[in-house]
Structures are given as structure tokens and as C-alpha cells.
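In: Prediction below, plus the sequence it came from.
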Amino acid sequence: MATGTQSGASIWTTRWTTLTLVLFPVGIAINFVGKYVAQALKLPLWLDSIGTVLAAFIAGPLVGALTGAINNIIYGLTVDPVSFWYFITSVGIGLVAGVMARLGFIRSTARAIIAGVVVALVATVVSFPINIYLWGGQTGNVWGDALFTALTLRGVPLWLASFLDELVVDLLDKVLTVLIAFGLFKALPRRLLSQFELGEGELRRTA
């Protein structure tokens, strides 16, 4: 049973059931909806990892990582091939979100915010080298790229400007993503959560 004080081995424990497999299409659908809403409202955010984080919260890091990976493969095949480049970012988001959940960071809103910051840092570290290779360091986000331009004009090294470009967006995007996933997790029926390894350990703390 997974708990907030579990061993390193149990953090990675996954209960593979039909419900676990159902999380993949559900998580991917939520990711698509989040991305669509962000684009439709012209938000300077991505909101394309909510389903990945929720799957990780419910069933652990391996399920979160697989949800993120499958999401990028499907999106890359159907909408935008660039999504393949950020495959590892989605995997990282799912892994870290799941680990943070099993370490007890979905017990309160304050802890969920901390988890969001950690997820943002990991996403930034993984993504900014890809941004440098593909886009000369920019993200395509209006806020981040405005900062990138200002920094490079002042002689800041490309790698640092690119890192901060990604970070300034990821901090808001991933913290909000984690908080939305946290809210959805809290709203799920306890009977449903009890079917998952993580749910059993967290039911008393999320009630």
C-alpha cells in the first residue's frame, strides 16, 4: 500500500487493472481539452498536461509517464509533429507528478503548489535545450519570448535567456496544471480512488 512515508520501491508500484488502462484515454482527452481551451481563449499558457498529472496522482508515476508519452505520440501523429520532440518532457512531468504525489504532496493545496513548482523546474530543464535546437531558444509563448528578447538584447547568454524564457511560462502553467489536477483528484469518489494503489494510501488524507 502506498503511503507518504513509503519506501523508494513502493513509490513505483503500479496496480495494472482495467481501470488503470482507462486512465490513458481519459488523461489524454483531458490534455486535449486543456490545450484547446488555452488556445481558444488565447491564454499565454499551454494547459496540455492536466490529464497526465491527474493520471499520475491517481495511479502513480509510471502511469503518469505513459499517459504523457502516449499523448505526445497521438498529438504528433494527428496534429503537430513537433510534439514528438517534447516527448521526454511529458514523460518527465508524469514521473515527477507521480513521485510527488506518493511522497505526500497531494495532501493539501500548499503542498500541491510545491509539487507544481517542482514539476515546472523539471519541465524547464528538459525543454529549454530542445527550444534552443528547434527555435533558437524561444518557446513561442508571448510572455516568455518577450523576456527572451529583452535578455538577449542585454547580452545575457543564449542558454540562460532560453532557460528563463521557458521557466517564466512553466512556473505559472505547471502550478496551475497541478492545482487543477489536484482539484479534480479531490473531487473523485473515494470508492473509485480505492481501486488504485495510490488512492488507497491517500484516501484518509484527501477526505
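Out: Structure's in. What do you need?
In: Three-state assignment for Gly45, please.
Out: No, residue 45 isn't Gly; it's Leu. Assigned with DSSP: H, G, I helix; E, B strand; the rest coil, Leu45 falls in the coil class.
In: could we number from 789 for the rest of this?
Out: Yes, from this point I'll number from 789; that puts the last item at Leu833.
In: where does it land on pLDDT?
Out: pLDDT recorded at Leu833 is 94.
In: Who are the contact partners of it?
Out: Residues near Leu833 by CB atoms under 8 Å, 6 or more residues apart in numbering: Ala826, Asn929, Val957, Leu960, Asp961, Leu964. For the C-beta atoms, the positions are set from N, CA and C on the backbone; glycine is no exception.
In: The same query, at a cut-off of 10 Å, please.
Out: Contacts for Leu833 (CB atoms under 10 Å, 6 or more residues apart in numbering) come out as 822-823, 825-827, 929, 931, 957-958, 960-962, 964-965.
In: Which phi and psi values does it adopt?
Out: The phi/psi pair for Leu833 (degrees, to the nearest 10) reads phi -140, psi 170.
In: where's it relative to Val825, distance?
Out: Leu833 is 10 Å from Val825, where distance means CB to CB, to the nearest Å.
In: Now the buried members of the contacts of Leu833.
Out: Among the contacts of Leu833, those classed as buried by 16 or more other CB atoms under 10 Å are Gly822, Lys823, Ala826, Asn929, Val957, Asp958, Leu960, Asp961, Lys962, Leu964, Thr965.
In: Now render these as a markdown table, adding pLDDT.
Out: Output for the buried ones among the contacts of Leu833, formatted as a markdown table (pLDDT from 0 to 100):
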| residue | pLDDT |
| --- | --- |
| Gly822 | 97 |
| Lys823 | 96 |
| Ala826 | 95 |
| Asn929 | 93 |
| Val957 | 96 |
| Asp958 | 98 |
| Leu960 | 97 |
| Asp961 | 98 |
| Lys962 | 98 |
| Leu964 | 98 |
| Thr965 | 98 |
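In: Tell me which entries of these lie within strands.
Out: Using DSSP state E, no member of those falls within strands.
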